[in-house]
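**Q** Provide a 3D model corresponding to the input given below.
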Amino acid sequence: MNLEIDFLDETNKLSESDRELVQSLLDYAAGQENVEPASELTVSFVTNERIQEINKEYRDKDQPTDVISFALEELGEDETVIVGDGIPRILGDIIISVEKAKDQADEYGHSFSRELGFLALHGFLHLLGYDHMNEEDEKRMFGRQKEILDGYGLQR
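**A** Predicted coordinates:
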């Protein structure tokens with residue numbers, strides 16, 4: 001199972017092993033979620049300042065956050081996804097604040113890798129339609145997140 005992930009590191013602070021972890025974890029998650037092979041997404045690593053701009057522009061929240069996802073498959077009424085032979089599925093974009101990930105890793109007492117993996121997976125599940133707007137959805141999404149992280153071997 002291989003996702004086509006376009007990595008953009010605007011911070012120049014991530015190592016090759018950080019990118020490999022995200023690729024490997026999301027490949028694993030895609031297999032667990034039965035996502036079509038060669039599906040595409042972008043993962044961007046940004047500063048707190050940049051994610052705050054994005055958060056303000058798209059969510060009306062003038063503060064930095066840890067991860068934002070933009071799913072390309074969110075459909076309105078009477079819309080359908082066109083999937084055909086040889087047409088890759090484009091899932092969307094995940095944007096992660098490297099500064100927030102480092103701060104939260106320290107705050108929660110686990111590794112930067114664990115926090116980076118958690119945020120990437122959280123964003124990925126949003127791209128697949130998971131959400132946490134109410135208690136039931138939150139239990140489903142966070143439960144699935146824990147199952148995948150545990151199955152992959154990335155515990156706290």
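**Q** residue ranges for the strands of this structure, please.
**A** Ranges of strands in the chain, per DSSP state E, are 4-9, 40-46, 67-71, 90-97.
**Q** what's the closest non-adjacent residue to the residue nearest to the spatial centre of the chain?
**A** When the chain is reduced to its mean C-alpha position, the nearest residue by C-alpha atoms, centre = their mean turns out to be residue 123, at 2.5 Å. Spatial nearest neighbour of residue 123, chain neighbours left out: residue 94 (3.5 Å); criterion: C-beta to C-beta, 6 or more residues apart in numbering. Every residue, glycine included, has its C-beta placed from N, CA and C.
**Q** Count the neighbours of that neighbour for me.
**A** 26 (other C-beta atoms under 10 Å).
**Q** ok, back up a step: compare the strands of the chain and give me the one nearest residue 118.
**A** Closest to residue 118 of those, according to C-beta to C-beta: strand 67-71, at 8.9 Å.
**Q** Quick one, grab the pLDDT at the spatially closest residue to residue 51 that is not a sequence neighbour.
**A** Leaving aside its chain neighbours, residue 51 sits nearest to residue 97 (4.3 Å; criterion: C-beta to C-beta, 6+ apart). Residue 97 is assigned a pLDDT of 98 by the prediction.
**Q** who touches residue 97 in this structure?
**A** 46, 47, 48, 50, 51, 64, 65, 66, 67 (C-beta atoms under 8 Å, 6 or more residues apart in numbering).
**Q** What is the nearest of the residues you listed to residue 141?
**A** Among the contacts of residue 97, and counting by C-beta to C-beta, the member closest to residue 141 is residue 67, at 13.0 Å.
**Q** my read: residue 27 touches residue 4, true?
**A** No. With contact defined as C-beta atoms under 8 Å, residue 27 does not count as touching residue 4 (10.5 Å).
**Q** For residue 33, give its distance to residue 144.
**A** 8 Å (C-beta to C-beta, to the nearest Å).
**Q** Can you check which residues contact both of these two?
**A** Shared contacts of residue 33 and residue 144, counting by C-beta under 8 Å, 6+ apart, come down to residue 125.
**Q** which regions of the protein lie under the pLDDT threshold?
**A** Counting by pLDDT under 70, the ranges of the chain that qualify are 1, 73-87.
**Q** what's the distance between the residue nearest to the centre of the chain and residue 154?
**A** On the measure of C-beta to C-beta, residue 123 and residue 154 end up 15 Å apart.
**Q** again with residue 6
**A** Residue 6 is 22 Å from residue 154, by C-beta to C-beta.
**Q** Thank you, goodbye.
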